[in-house]
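Student: turn this into a structure:
(chains A and B)
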Amino acid sequence: MGKRVLLIEDEPNIIEAISFILSRDGWEVDTHANGTDAVDKVNRRQPDLVILDVMLPGRSGFDILKELRANAPTAGLPVLMLTARGQTKDRETAQALGASRFMTKPFSNAEVLESVRALAAGVQAQG
Amino acid sequence: MSRGALTGSRIRERRNMLGMRQADLARNVGISASYLNLIEHNRRRIGGKLLMDIAHTLDVEPAALSEGAEAHLVARLREAAADGGKRTEIDRVDEFAGRFPGWAELVVDKQRRVTALERTVEVLTDRLTHDPFLSAALHDILTAVTSIRSTSSILVETPELEPEWRSRFHRNINEDSQRLSEASRSLVTYLDGVDDIDASSTSPQEELEAFLGAFDFHFPELEEPVEEGTIENLVSGADLLRSGSARTLAAAHLYQYAEDARRVPLAKLRGVLGTHGLEPAMLAGALAVDLPTIFRRLAALPREMGYGPIGLVACDASGTLVFRKQIEGFPLPRFGAACPLWPLFRSLSQPMMPLLMDLAQSGRGAGHFRTYSIAQPVGDLSFGKTMRFEASMLVIPEEDALEKSYDVVGVSCRICPRSDCGARREPSILAEGF
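Tutor: Predicted coordinates:
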């Protein structure tokens, strides 16, 4: 598996922090800040892993995940969902839609790295 | 143990109160003292002539010894025991109530208090989960906290950080902490304004909504020809309807439901839905009823028919929401007025004109919806009287289609991030609105 990650998140400072951490870990980080054309971006860039925020302007992360899972080329793409609401319901929705992993804001940098490495190593969903 | 068992404790109490010896009472009514002792300790049942004699000797009504408030007390004690009293001596509950009525009442009172508090907690939890103001403000705060946490640990854990990066991250932390203080200040302001956290002060409308929600807005017993008393039983048996006003609202709603179901039976609705799909105007035409009736029937479809969640909002001419069926992604404000851009309100200025609008919610992560609205006169028409109008809006979620254009609406100004809106009534409490 390669090391190209697409970060779909709309908070510039969070983007900056996560990009920094992942770049230092040897990842090639690409970012995208709105939900509306996020799926297009995934299809064009074909990343090895997607970090996807649930609350995006334009389109919800859940809808994006649903579409990614419905398309054959992205059906198996590892997706790490980020959400500011750690409620059971969001978690259940994310799992039902096929999120590979789930991370609740606020998270630590160590958690980000651990999740991304685990996904890269092919370790799937443990929520 | 029967309720009669209590009688013994009461006889004993009354006798002690009069300062009468057991032997004296026993002799007076012609039984042995040891037998009276068994009765007084609730080991023998007592009734009939003996009870009358004892009551006469103790100068009380027989009924005062054989029945009374204790029966109620015992029932309450049993409830309390059922609710977690693993070690209670349940077989001796009568004895407890009879011998320690004061303590028993205290237990019952405490139990009642616990139940009331649990209910309050439930209501508050529900508020926290569903209040769009709170969830938007919390999202803002969590976002700022996430960013600060991540950025500050980079600063601490990366000693060899280049000066450009270092100053950039310092700037970010500064920005986020400003944002955090704005957001927490507005949250505090908002919470200060919410003083009705007492469960008893939920509005009748909210009680009705909770009640209908518990039934998923569908009542199978009203889909059949309705028997006398069905609606009254539904209403009086509902714990969620605590106030008289809420019960009145619920009864009115259910009568309307039964009437709608009579005019548009579920089987018939299923048939035309199969032909036309979720097209309210076609359905209304095929069934020869007006649009609001179809809206109400669609909002009451049973989940298993698979048409997904369907929301419905109705308001009167003042814009006050008089009916609310909320669905995921299209929240309705709990306090204060809704977004003036909703077609629901527009329809009031174009009565009788059906409005079709595709909406997107302005907030993050919010969905896309197709809405159908119409305002129609309600009540009897009469010469010289003002016509009353009510508007209703049916809300059906849809997958967003990129080639379609959506009108962007909000929930309520306070939590709407849209900055370029001419209809704004008050500033947003969200940091990004500042």
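Student: what does chain A put close to chain B?
Tutor: A:10-11, A:13-14, A:16-18, A:20-21, A:24, A:35-37, A:54-57, A:59-63, A:84-85, A:87, A:105-109, A:112 (C-beta under 8 Å from any C-beta of the partner chain). From N, CA and C alone the C-beta is placed, and that goes for glycine too.
Student: how does it look with 6 Å?
Tutor: Residues of chain A found near chain B (C-beta under 6 Å from any C-beta of the partner chain) are A:11, A:13-14, A:17, A:20, A:54-55, A:57, A:60, A:84, A:105-106, A:109.
Student: quick one: which of these is nearest B:T158?
Tutor: B:T158 lies nearest to A:F20 out of the residues of chain A next to chain B, by C-beta to C-beta, at 8.5 Å.
Student: could you say which helix or strand holds the nearest residue in space to the closest one that is not next to it in sequence?
Tutor: Distances taken as C-beta to C-beta, 6 or more residues apart in numbering or on different chains put B:I154 closest to A:F20, at 5.9 Å, once the chain neighbours are dropped. In the assignment (DSSP states H and E), B:I154 maps to helix B:132-157.
Student: show me where pLDDT drops low in the stretch 51-200 of chain B?
Tutor: The stretch 51-200 of chain B contains residues with pLDDT under 70 at B:67-72, B:126-129, B:193-200.
Student: on the pLDDT front, check residue 45 for me.
Tutor: Because you didn't say which chain, this covers chain A. You'll see A:R45 listed with a pLDDT of 91.
Student: actually chain B
Tutor: We have a pLDDT of 75 for B:R45.
Student: of the residues of chain A next to chain B, keep whichever come out buried.
Tutor: Buried members of these, counted by 16 or more other C-beta atoms under 10 Å in any protein chain shown: A:11, A:13-14, A:17, A:20, A:54-55, A:57, A:60, A:84, A:105-106, A:109.
Student: quick check, nearest of those residues to B:A314?
Tutor: Relative to B:A314, the closest of those is A:S60; by C-beta to C-beta it sits at 26.9 Å.
Student: now that closest one. Its backbone dihedrals?
Tutor: Here is the backbone geometry of A:S60 (degrees, to the nearest 10): phi -80, psi 150.
Student: distance of it relative to B:V93?
Tutor: The span separating A:S60 from B:V93 equals 54 Å under the rule C-beta to C-beta, to the nearest Å.
Student: what sits against B:R296?
Tutor: Shown in contact with B:R296 (C-beta atoms under 6 Å, 6 or more residues apart in numbering or on different chains): B:D260.
Student: apply 8 Å and report the result again.
Tutor: Neighbouring residues of B:R296 by C-beta atoms under 8 Å, 6 or more residues apart in numbering or on different chains: B:256-257, B:260, B:312, B:392.
Student: for ChimeraX, write the selection for the buried entries among those residues.
Tutor: Restricted to buried positions by 16+ other C-beta under 10 Å, the ChimeraX selection for the contacts of B:R296 reads:
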select /B:257,260,312,392
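Student: now, the most widely separated pair of the contacts of B:R296?
Tutor: B:Y257 and B:S392 (14.4 Å).
Student: before we move on, back to that, list, out of the contacts of B:R296, those positioned next to chain A.
Tutor: When C-beta under 8 Å from any C-beta is applied, no member of these is adjacent to chain A.
Student: closest one of the contacts of B:R296 to B:C416?
Tutor: For the contacts of B:R296, the nearest to B:C416 is B:L312 (21.9 Å; C-beta to C-beta).
Student: which members of the buried ones among the residues of chain A next to chain B are positioned in strands?
Tutor: Among these, none falls in strands (DSSP state E).
Student: which of the residues you listed sits closest to B:L77?
Tutor: Taking C-beta to C-beta as the measure, B:L77 sits nearest to A:A84 out of those, at 46.5 Å.
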